[in-house]
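predicted coordinates and the sequence they were generated for:
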Amino acid sequence: MSSKFKGNLDETDIYIIRKLCENSNTPLACIGDELNVSPSTIHKRINRLVDGGVIERFTILFDPIILDLKTVAFVGIELERSALTGKKKEDVIAELMIMPEVLEIYETLEPFDLMLKLRTNNVDVLREIIGNISSIGGVLNTNTILTTKKILETPLKYEAVETDNKVNKN
């Protein structure tokens, strides 16, 4: 949970989060009706979750093919020994973060130091982006896995998350 959040999540907070994950455009009145509370209560709860960093942002999912973004790849990055910690590592990550094709960045344990998810128009653009990544100071090596077909891409399915240890049930 966010270090900014003060307090405990209760069942109402979890329900609101789940509903917003299913459809972030769900009217507050509908959520309130389902919980037997007023829309203003839902609004206050959402603001508390946003202010506390529990809800990071509101966004949409769309079909990237509409924008001709049909090439997806995962790129493993091996960093130079001098870039494994500290400022040099932060600089590598900062350069990756400004690349619009880089959708996700994860720090990993073996065989790579970082793992990226990229989306581009085609393999030629992907090759160019990987070249740009390889030229970043501190990057030793890259390894690319090109996907062939999307089977499932979804936000976290909260019904599968065990919340008993994190929820205040009062």
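Cool, got the structure.

going by C-alpha atoms from here, please, whenever you check contacts or count neighbours.
OK.

list the residues that contact residue 102.
Neighbouring residues of residue 102 by C-alpha atoms under 8 Å, 6 or more residues apart in numbering: 96, 116-119.

and these, which is the shakiest by pLDDT?
Among the contacts of residue 102, residue 119 carries the lowest pLDDT, at 93.

got the contact list for that one?
Here residue 119 is in contact with 69-73, 101-103, 126 (C-alpha under 8 Å, 6+ apart).

helix/strand/coil for residue 103?
strand (DSSP: H, G, I helix; E, B strand; the rest coil).

just checking, it touches residue 96?
No: applying C-alpha atoms under 8 Å as the test, residue 103 and residue 96 come out as separate, 9.6 Å apart.

which one's more surrounded, these two?
residue 96 (19 against 13; other C-alpha atoms under 10 Å).

just the buried positions in the helix or strand hosting that one, please.
Using DSSP states H and E, the element containing residue 96 is helix 86-97. Neighbour counts using 16 or more other C-alpha atoms under 10 Å place 88-89, 92-93, 96 of helix 86-97 among the buried residues.

run the chain-centre distance for that helix.
Relative to its chain's centre, helix 86-97 lies at 18 Å (C-alpha atoms, centre = their mean, to the nearest Å).

hmm, back to that, can you tell me which of the contacts of residue 102 are in strands?
Residues of the contacts of residue 102 located in strands (DSSP state E): 116-119.

among those residues, who's most crowded?
Most surrounded of the ones in strands among the contacts of residue 102: other C-alpha under 10 Å gives residue 118, at 23 neighbours.

who's in contact with that residue?
72-75, 101-104.

got a list of contacts for stretch 34-43?
12, 16, 28-32.

what about the strands in the chain?
Under DSSP E, the chain gives strands at 9-10, 71-79, 102-107, 114-120, 139-146, 167-168.

that older thread, mind giving me the packing neighbours of the helix holding residue 96?
Using 3 or more C-alpha pairs under 8 Å, 6 or more residues apart in numbering; DSSP states H and E as the contact test, no helix or strand touches helix 86-97.

quick check: angle from that helix to strand 139-146?
30 degrees (axes from the mean of the first three to the mean of the last three C-alpha atoms, to 10 degrees).

could you dump helix 86-97 to CSV, C-alpha only?
What follows is helix 86-97 as a C-alpha-only set of coordinates in CSV (Å, rounded to 0.1, in the frame of the first residue of the first chain):
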residue,chain,number,x,y,z
GLY,A,86,22.8,4.8,-7.7
LYS,A,87,22.6,7.7,-10.0
LYS,A,88,23.7,5.9,-13.2
LYS,A,89,20.8,3.5,-12.8
GLU,A,90,18.4,6.3,-12.1
ASP,A,91,19.7,8.1,-15.3
VAL,A,92,19.0,4.9,-17.4
ILE,A,93,15.5,4.6,-16.0
ALA,A,94,14.8,8.3,-16.5
GLU,A,95,15.8,8.0,-20.2
LEU,A,96,13.6,5.0,-20.6
MET,A,97,10.6,6.8,-19.0
